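**Q** I'll drop the sequence and a predicted model, then ask my questions.
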Amino acid sequence: MFEKEIHVLEGTFLSDTKNFRRVLLSIADGVYMTDQNRKIIFWNRACERINVNGNPLCETDHCPLQQCMVKGVPGDKPVLVRAQRRDGSRVIVEVSVAPIIRDNGRVIGGIEVFRDATLEQEMRETKASFLSAITHDLKAPLTVIKGFLELVLTGDAGSVNETQMDFLGSALEECDRLSKILNDLSDLARFKATEFSYTPRLLDLTSLLQQVHDIFIFETTKKGLTFKTAIPQSLYVAGDRDRLYQVIANLVSNAIKYTESGFVYLCAKASGDKAIISVQDSGIGISRDEHGKIFDQFYRIDNMVTRKAGGTGIGLSIVKKIVAMHNGEITVHSEPGQGSTFEISLPLAAN
Ligand code: ADP
């Protein structure tokens, strides 16, 4: 029944150019088509409501439409683009793009479908700035409390007996735990606020990986773990340095947190057209049925070690989003008691 209806539409209704035009004009989302030089040759009414009056939404060579026309394949997921309405006000649109391809395979233009996502993005930004303001306001007094606790502990405010030392030490540990939670929350706020203003640059991962090693070597040694690395001479990807640092640092920090004895191993290599970065540990491991869930926001596995270590369940959800932003993938290989390996693959870039 359904197939028959489609056939009727194709055979009679849509083969009439005027009907086809009517359909496009009345679609509620903005639809515009361009020629191969990105000159707009058709736009529907919704485009006029949202923005376009004969101008492409985005004029740079990084424009998603331009990129899909060069590659000759549709964009794999919708992207958010900032643009201006005709009255000058800002608009954020969610854009899906595809090339228009002749039977002989030649790209003769592009089609862009978009919808106004301004309201939902503004809501997200408001939430993010609220979260950011709260975490900032909580961090400041916490730093002061930590400072005074450290002063008292070092004996600068008079002698401290052993029991007092114990109590103050526990208070200091809790401050550190709280401070990690606040860091996770401010990462989340930062991520949400700038989710779509990401600009990839050519980046050699080796110095970034070395920096992660140098930052975490103290913590690993303090916990009695060895921190091994295997970092190549150079490894180029197109990416955002701060974001990728956040990804690797998060994985290494988790590896240390969930490992009581043994090692943490940070390794990177080129394999085919991918850069592979893996973070391995000899820690508590993760059962197979949890592998998918640990990347969900706020998800934590509940056991003695995770309870003691503390956390928010935010880290891996951000890691996964950042990796996806870089057109990469993250996988986990782990069994309880057998340690864990988190592996990231990113497209290699020519240097
Ligand atoms: P958090 O560490 O703050 O709880 P994450 O999102 O970073 O949040 O991790 C989610 C959960 O995944 C953790 O609570 C933990 O149970 C599990 N996990 C993450 N990394 C490891 C690891 N290297 N070894 C064992 N479990 C891990």
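**A** That came in fine, so what should we check first?

**Q** Quick check: residues of this protein near the ligand?
**A** By the rule CB under 6 Å from any ligand atom, the part of the chain lying against the ligand is 254-255, 258, 281, 283-284, 286, 294, 299-301, 306, 311-317, 340. Bear in mind the C-beta positions are built from the backbone N, C-alpha and C, glycine included.

**Q** among these, which ones are buried?
**A** 254-255, 258, 281, 283-284, 286, 294, 300-301, 311-317, 340 (16 or more other CB atoms under 10 Å).

**Q** Give me the number of neighbouring residues for T135.
**A** 19 (other CB atoms under 10 Å).

**Q** The helix or strand harbouring it packs against which elements?
**A** Assigned by DSSP states H and E, T135 falls within helix 118-153. Using 3 or more CB pairs under 8 Å, 6 or more residues apart in numbering; DSSP states H and E, the elements in contact with helix 118-153 are strand 90-101, helix 162-193.

**Q** Ramachandran coordinates for A324?
**A** phi -60, psi -40 (degrees, to the nearest 10).

**Q** pLDDT value on it, please?
**A** pLDDT for A324: 90.

**Q** 56 is where my numbering starts, stick with that
**A** Let's use 56 as the start, then, which means that last one is A379.

**Q** which stretches of the protein form strands?
**A** Using DSSP state E, the strands of the chain run over residues 85-90, 95-98, 134-139, 145-156, 162-171, 256-259, 281-285, 291-294, 318-326, 329-336, 384-389, 395-402.

**Q** Let me have those strands in JSON lines, extended by mean pLDDT.
**A** As requested, these are exported to JSON lines (pLDDT from 0 to 100):
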{"stretch": "strand 85-90", "mean pLDDT": "89"}
{"stretch": "strand 95-98", "mean pLDDT": "86"}
{"stretch": "strand 134-139", "mean pLDDT": "78"}
{"stretch": "strand 145-156", "mean pLDDT": "88"}
{"stretch": "strand 162-171", "mean pLDDT": "90"}
{"stretch": "strand 256-259", "mean pLDDT": "90"}
{"stretch": "strand 281-285", "mean pLDDT": "97"}
{"stretch": "strand 291-294", "mean pLDDT": "92"}
{"stretch": "strand 318-326", "mean pLDDT": "97"}
{"stretch": "strand 329-336", "mean pLDDT": "98"}
{"stretch": "strand 384-389", "mean pLDDT": "97"}
{"stretch": "strand 395-402", "mean pLDDT": "97"}
